[in-house]
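Colleague: Sequence and predicted structure, then a few things I'm wondering about:
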Amino acid sequence: MPITRRAAIKGVLATAVGGLTGAATYGVAYERHRLAVTEASLPVSGLPPALDGLRIALLTDIHHSRFVPAHDVTQAVDLALSTKPDLIVLGGDYVTYGDRTFVGPVAELLSPLHAPNGVFAILGNHDDDREMPAALARKDIVVLKDQRTRIMIRGEALELAGIRFWTRRVADIARVLKGMRDTVLLLAHDPRRLVEAAALDVPAMLSGHTHGGQIVLPGVGALALARARFPILAGLGRREHSSIFVSRGIGTVYVPVRINCPPEVALVTLRRESAI
């Protein structure tokens, strides 16, 4: 018996819906918890030879909540420590919508983090400006709120400049960078700040915020809104003399699902451009 056009269309739609349902179920039950270490080499213009090979563990977008349990945060901490990094950076969004219920607990879960050259944090758009940084500071984590700090590593200086999510204007970021004379690594939750970094000739930047798109569909890629807002969703990017690494992050937001976009702890190694 011949198949009618309507029946064929219904069959295709049923198959598509079934496939999406299966992918969503997988993304909720499994992939959002499939945390692993991602390694990347970040080229840095003018990087002194002594800082070549510096290893930075980047943990961002934790979003500790009822959808991102303590186990996931502890696993991320354990993975970061297992890489034996020289330095640890926390990239913001420790909770979701500033949920005070999880502020103290997430700081406690992050407290085992340690590295020879320190643990530094910035704030994301989901973090409040008082309780979250205070909770992190009580765990000996240095929070940079539109601030810069200078650390000596192997006899060379590295300046870490951390900006708030809402600090966006070139002039405001320039004030944070005023007087810089050593290699500067900009810590900015939002990768769109690469535009300002390039304008200010900042050699390198670490970011998160995008979750890598969180939902990446076969044959389509990340959802159109994410692609439109963030030209660099994950991994390495560049604008003029400024390079960037954007992490997919650890948690989820809006919907507790990841599809073709697993969470990560990033191990970023700084490299002299000539060595790449």
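Modeller: Structure received. Computed from a prediction, not measured in an experiment: that's the story for all the values here.
Colleague: where do the strands sit along the chain?
Modeller: Assigned by DSSP state E, the strands in the chain fall at 36-44, 55-59, 87-90, 119-121, 142-143, 147-153, 156-163, 183-188, 204-207, 216-217, 221-222, 235-239, 242-246, 264-272.
Colleague: how about JSON lines for these, with mean neighbour count and distance to His71 added?
Modeller: Every residue, glycine included, has its C-beta placed from N, CA and C. Below are the strands of the chain laid out as JSON lines (neighbours: other CB atoms under 10 Å; distance: least, CB to CB, whole Å):
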{"stretch": "strand 36-44", "mean neighbour count": "17", "distance to His71": "15"}
{"stretch": "strand 55-59", "mean neighbour count": "24", "distance to His71": "15"}
{"stretch": "strand 87-90", "mean neighbour count": "26", "distance to His71": "19"}
{"stretch": "strand 119-121", "mean neighbour count": "25", "distance to His71": "21"}
{"stretch": "strand 142-143", "mean neighbour count": "18", "distance to His71": "25"}
{"stretch": "strand 147-153", "mean neighbour count": "14", "distance to His71": "32"}
{"stretch": "strand 156-163", "mean neighbour count": "22", "distance to His71": "28"}
{"stretch": "strand 183-188", "mean neighbour count": "25", "distance to His71": "27"}
{"stretch": "strand 204-207", "mean neighbour count": "26", "distance to His71": "25"}
{"stretch": "strand 216-217", "mean neighbour count": "16", "distance to His71": "24"}
{"stretch": "strand 221-222", "mean neighbour count": "18", "distance to His71": "27"}
{"stretch": "strand 235-239", "mean neighbour count": "15", "distance to His71": "26"}
{"stretch": "strand 242-246", "mean neighbour count": "25", "distance to His71": "25"}
{"stretch": "strand 264-272", "mean neighbour count": "22", "distance to His71": "14"}
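Colleague: Now that we have those strands, can you turn them into TSV and tack on mean pLDDT and distance to Arg229?
Modeller: Shown next, in TSV, are the strands of the chain (pLDDT from 0 to 100; distance: least, CB to CB, whole Å):
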stretch	mean pLDDT	distance to Arg229
strand 36-44	98	22
strand 55-59	98	21
strand 87-90	98	23
strand 119-121	98	24
strand 142-143	98	26
strand 147-153	96	27
strand 156-163	97	19
strand 183-188	97	15
strand 204-207	98	13
strand 216-217	89	15
strand 221-222	77	10
strand 235-239	97	14
strand 242-246	97	12
strand 264-272	98	20
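Colleague: Among these, which comes closest to Val257?
Modeller: strand 216-217 (11.3 Å; CB to CB).
Colleague: gap between Val268 and Ile163?
Modeller: With distances taken as CB to CB, to the nearest Å, Val268 is found 18 Å from Ile163.
Colleague: With Leu79 instead?
Modeller: Distance of Leu79 to Ile163, given as CB to CB: 26 Å.
Colleague: got it, and Val37?
Modeller: From Val37 to Ile163 the distance is 26 Å (CB to CB).
Colleague: swap in Gly46?
Modeller: 21 Å.
Colleague: repeat for Leu233
Modeller: The spacing between Leu233 and Ile163, counted by CB to CB, is 20 Å.
Colleague: ok, and the closest non-adjacent residue to Lys84?
Modeller: With sequence-adjacent residues excluded and distances taken as CB to CB, 6 or more residues apart in numbering, Lys84 is closest to Arg55, at 7.6 Å.
Colleague: who's that neighbour bridged to?
Modeller: For Arg55, the beta-bridge partners are Thr269 (DSSP bridges).
Colleague: picking up where we left off before, is it possible to get CSV of the strands of the chain that adds distance to Ala228?
Modeller: Listed next are the strands of the chain as CSV, based on distance: least, CB to CB, whole Å:
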stretch, distance to Ala228
strand 36-44, 24
strand 55-59, 25
strand 87-90, 27
strand 119-121, 29
strand 142-143, 31
strand 147-153, 32
strand 156-163, 23
strand 183-188, 20
strand 204-207, 17
strand 216-217, 15
strand 221-222, 10
strand 235-239, 16
strand 242-246, 16
strand 264-272, 23
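Colleague: Out of those, flag the one nearest Thr25.
Modeller: Thr25 lies closest to strand 216-217 among the strands of the chain, at 15.0 Å (CB to CB).
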